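>>> Mind looking at a prediction? Sequence and model below.
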Amino acid sequence: MAVKNEVNYKNEKIIEIANITKVFGNVTVVDNISLAINRGEFVTLLGPSGCGKTTLLRMIGGFETPTSGTITLEGKELTSIPPEKRPINTVFQKYALFPHYNVFNNVAYGLKNQLVPNGERVNKDGSTKQLYRHYTKKEIEEKVNRALKVVGLEDYGYRSTNTLSGGQQQRVAIARAIVLEPKVLLLDEPLGALDLKMRKEMQLELKRLHEQIKITFIYVTHDQEEALTMSDTIVVINDGAIQQVGTPKMIYDEPANAFVANFIGESNLIPGTMPSDKNVTLLGSTIPCLDKGFAKNEPVDVVIRPEDIQILTSTDSKAQFTGTVKSEIFKGTYYEMEIDANGYEFTVQSTSGHEVDEQVGLYVEPNGIHIMKKLRTINEFYGEVDKDNLIWMCKGDFDLIVPEGLEKGDRVKISVPFNAVELTDDEEDGVIGANVTQSIYKGTYYQVQVYTDTDEDFFVDTPYEWDINDRVGIKLNKELVMVEKYEEEEEE
Amino acid sequence: MSTAVKTEKKKPRFVFKRSFFSFPYIALNILFVVIPLAILLGYAFVGQEGEFSISNFAYFFSHIENIKTILFSLLMAALTTIICFVLAYPLAMCLADSKINKSAILVLMFILPMWVNSLLRTYALQNFLIDLFGMQRGFLSALIGLVYDFFPFMLLPLYTTLSNMDKSFVEASYDLGANKVMTFLKVTLPLSVPGIVSGVMMVFMPTMSTFSVTEIMGNTNTYMIGSMINEMINGGDWSGSAAFSFVLLILVGVTMVISNFITKGRGEAETGVGGII
């Protein structure tokens, strides 16, 4: 396409998002996100469904108004500009091709609305006024045909859109957006409706298209593989907040936290501690790594990718762990094995297979070990003393041990270790109800995150797997919970 | 695999198909629509001595008053339809907008009159407009009565079409630089054609043949073909009224064919309701 981006500075910021928050009703969908996007970049917003990525995209497109914060395009504030005046175009999730127009008229739709400068008129008082005109029929025809050629649908102009396959409709939607030569192209899960083979083809095609037309792409997906294949930069989003921004390689090799590690690719996620710089203790062994700067014995999460684990004989002195092969599956180019070592079931990928029940040793190079700070080590809440040893917090009366000398109405801080929370299947059995938002397997237990109706997150260590979006009840083990008097800080 | 083979061998003599559910309706349809229509057609061709004759039709078309009444009925139906459409479309757009209409209660308020018998409603309107406010019976009051009676039948299909319409079409139009007016003219309006056609037919057809509303709300100047047929039946002229009804049927049939033709051209859009046949 003829986007004349001769000055294609990769490091020039085109879009700046500053402290954007979006609240629907009483749910915060996007929570204080700030992000800069460079010109010509292929940026992917990646996250599970409901994480706020589509809402963020819709705010850039102008279809939602942020509750607070600003979005600027090339230094100009966008927030108050309606979508039809933004030099940004969108490829919609279900394409949204106009069913009453054929392919040609769908692509031409935007051009017919566009005005182009057409000389200047000199007024009587000597001032000049910029004149505009619509595109001529011939110009529109040329542009549409060029756009259709770019997406490989040259001879489809006369076709009705509902006679096209999903992939072809997708291409028309892309042609319709790029024909306007936008500064930024937004793509909202555009490949979601296609089958696997078509999706893979379109991924490569989109990547090629991006290189060809050099427009900034902002792409939304929940498919981590898609993100890794296509993007220059991936923005991992969860719970309305950015978890990590980086190149695909950075995100994959150095996930910032347990969520990212779990969401991107397969991984072994093991709790550990840092006895000293460049050493990590996990599953009873202390092994070398490359990370430093943690407090002594700080609890951390350790990520080891399945392909970074080498399998040795069980007697090899290099072996860091020894274990038994539990299962082995041939996956075409590699074997995937579950290996039980030191009470943790490692997922290992290797080009050579090993028999089930075989004793093996495992070894990981220091650069294969990724240390992440724990998101949270304890749940902290604030509440107040209710009558009879009850604590009122998160709109529930919890039966906890109230320290001596506290009276009804006193403000308290409640520290709840992850293992002090008990989830109940039936919401009625718990003191309060909550939704399961995340469940990460940590080798010997699941770390589950639940979200209460009072907008609080509980982190829970539990031996059971809980389904995301399930309603559960929350109970607390009063022996493990600590309640302290909370003095409100007087900052005035 | 083995179970599939077994069932094939034991082919039951009677298989209950889903199409069987339509049989009661087909039976009712034949009994109460097809047969009466055939009888109607038969009566229409019966002369004064009981012989086969086209005299009833000849009578109809040879009297200018009859043609005038038909044309007046067409005009009345067209006016009612246009007024209903102009009133209902903006309202349907508001009701379909979830930002304005947060619950469906508003819609219910407009549909609620349909729960009351139309004769009752018409008498209520007569009481209100003519008896209470002293409005003159005539063309205007008859028109108000018709619009009042048939308005929900226009609103409902429009509301259904507009609220089922994928909002991303409108968003896509904004995204491609069209302003609100252009988006309405080039996207919303064309995509709601199926709803418009059903609304128009649901209002036009019954208005064309109505007699109760114009008789309660109008005067001798608002004499419509429905009233004419009603009078003939009351006078015992079965053959004449059958012929008149048949003419009316043909007229309504023609309008249906025309509107179906319009829907076919544009209404391939998968946006909810289509035409009624």
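Happy to help now that I have it.
>>> can you list the domain ranges for chain A.
A:13-87+A:182-253, A:266-373, A:379-485 (automatic domain parsing).
>>> The second one: end-to-end distance?
Okay, so that is domain A:266-373. Separation of the first and last residues of domain A:266-373 by C-alpha to C-alpha, to the nearest Å is 19 Å.
>>> Could I get the average pLDDT for it?
Regarding domain A:266-373, the rounded mean pLDDT is 85.
>>> which residues sit against stretch A:234-249?
A:22, A:28-35, A:43-48, A:51-53, A:56, A:227-229, A:231-233, A:251, A:254-257, A:259-260, A:263-264, A:437-438, A:457 (C-beta atoms under 8 Å, 6 or more residues apart in numbering or on different chains). Every residue, glycine included, has its C-beta placed from N, CA and C.
>>> what about burial for the residues you listed, which qualify?
Among these, those scoring as buried are A:22, A:28-31, A:33, A:35, A:43-48, A:51-53, A:56, A:227-228, A:231-233, A:251, A:254-257, A:259-260, A:263-264, A:437-438, A:457 (criterion: 16 or more other C-beta atoms under 10 Å in any protein chain shown).
>>> can you list the residues of the stretch 51-200 of chain A near chain B?
Contact residues, the stretch 51-200 of chain A versus chain B (C-beta under 8 Å from any C-beta of the partner chain): A:61-63, A:82-85, A:88-90, A:92-94, A:96-100, A:109-110, A:113-114, A:160, A:162, A:176-177, A:180.
>>> quick check, B:Met76 in a strand?
No - assignment of B:Met76 by DSSP: H, G, I helix; E, B strand; the rest coil gives helix, placing it outside any strand.
>>> which residues touch it?
Applying C-beta under 8 Å, 6+ apart, the residues near B:Met76 are B:Ala142, B:Leu143, B:Leu146, B:Thr207, B:Thr214, B:Thr222, B:Met224.
>>> Near chain A, list only the ones from those residues.
On the criterion C-beta under 8 Å from any C-beta, none of the entries of the contacts of B:Met76 sits beside chain A.
>>> tell me the least confident of these?
Ranking these by pLDDT, B:Thr222 lands last with 82.
>>> Name the nearest residue to that one, ignoring sequence neighbours.
Nearest residue to B:Thr222 in three dimensions, chain neighbours excluded: B:Ala142, at 4.2 Å (C-beta to C-beta, 6 or more residues apart in numbering or on different chains).
>>> quick revisit: and the buried ones among the contacts of stretch A:234-249, which of them are in strands?
A:22, A:28-31, A:33, A:35, A:43-46, A:233, A:437-438, A:457 (DSSP state E).
>>> And those residues, which is closest to A:Thr347?
Each of those was scored against A:Thr347 by C-beta to C-beta, and A:Gln438 proved nearest at 19.4 Å.
>>> Might one say that B:Met224 is in contact with B:Thr69?
Yes - counting by C-beta atoms under 8 Å, B:Met224 touches B:Thr69, with 6.6 Å between them.
>>> Of these two, give the one with the bigger neighbour count.
Neighbours per residue (other C-beta atoms under 10 Å in any protein chain shown) separate B:Met224 from B:Thr69, with B:Met224 holding more: 27 against 18.
>>> quick revisit: sort out which one of the ones in strands among the buried ones among the contacts of stretch A:234-249 lies nearest B:Val33 for me.
Once C-beta to C-beta is applied, the member of these that ends up nearest B:Val33 is A:Val29, at 54.4 Å.
>>> Now do the contacts for A:Glu484.
By C-beta under 8 Å, 6+ apart, the contact set of A:Glu484 is A:Pro403, A:Val412, A:Lys413, A:Ser415.
>>> and with 7 Å instead?
Counting by C-beta atoms under 7 Å, 6 or more residues apart in numbering or on different chains, A:Glu484 touches A:Pro403, A:Val412, A:Lys413.
>>> Make sure it is indeed in a strand.
Yes - assessed with three-state DSSP, A:Glu484 lies in a strand.
>>> can you pull up the bridge partners for it?
A:Lys413 (DSSP bridges).
>>> ranges for the helices of chain A?
If DSSP state H is used as the criterion, the helices of chain A fall at A:53-61, A:103-113, A:137-150, A:166-178, A:196-213, A:224-230, A:248-253, A:258-263.
>>> returning to that earlier point: isn't the residue nearest to B:Thr222 right up against B:Thr220?
No - assessed by C-beta atoms under 7 Å, B:Ala142 is found out of contact with B:Thr220, at 11.1 Å.
>>> Buried among the contacts of A:Glu484? Need that as a selection in ChimeraX.
To isolate the buried ones among the contacts of A:Glu484 in ChimeraX, judged by 16+ other C-beta under 10 Å, type:
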select /A:412
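>>> Columns pLDDT on top of the contacts of A:Glu484, output as JSON lines?
Putting the contacts of A:Glu484 into JSON lines (pLDDT from 0 to 100) gives the following:
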{"residue": "A:Pro403", "pLDDT": "79"}
{"residue": "A:Val412", "pLDDT": "84"}
{"residue": "A:Lys413", "pLDDT": "82"}
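>>> Would you format the contacts of A:Glu484 as TSV with distance to A:Lys149 included?
TSV is the format used below for these (distance: C-beta to C-beta, whole Å):
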residue	distance to A:Lys149
A:Pro403	76
A:Val412	69
A:Lys413	65
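>>> Name the nearest of the contacts of A:Glu484 relative to A:Gln169.
A:Lys413 (55.9 Å).
>>> wait, isn't the closest one in contact with A:Glu384?
No - contact criterion C-beta under 7 Å: A:Lys413 and A:Glu384 do not qualify, at 10.6 Å.
>>> distance of A:Ser415 from chain B?
In this view, A:Ser415 and chain B are 42 Å apart by C-beta to the nearest C-beta, to the nearest Å.
>>> got any ranges where the chain has weak pLDDT?
As the question left the chain open, I've gone with chain A. A:1-11, A:375-376, A:443, A:488-492 (pLDDT under 70).
>>> could you do chain B instead?
Within chain B, the segments meeting pLDDT under 70 span B:1-12, B:263-277.
>>> Quick test: name the residue nearest the centre of it.
Centroid check for chain B by C-alpha atoms, centre = their mean gives B:Met202 as the closest residue, at 1.9 Å.
>>> so who does that residue touch?
Applying C-beta under 7 Å, 6+ apart to B:Met202 gives the contacts B:Phe153, B:Met154, B:Pro157.
>>> Export the residues you listed to TSV and append columns for neighbour count and distance to A:Lys214.
What follows is the contacts of B:Met202, written out as TSV (neighbours: other C-beta atoms under 10 Å in any protein chain shown; distance: C-beta to C-beta, whole Å):
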residue	neighbour count	distance to A:Lys214
B:Phe153	22	55
B:Met154	30	51
B:Pro157	27	48
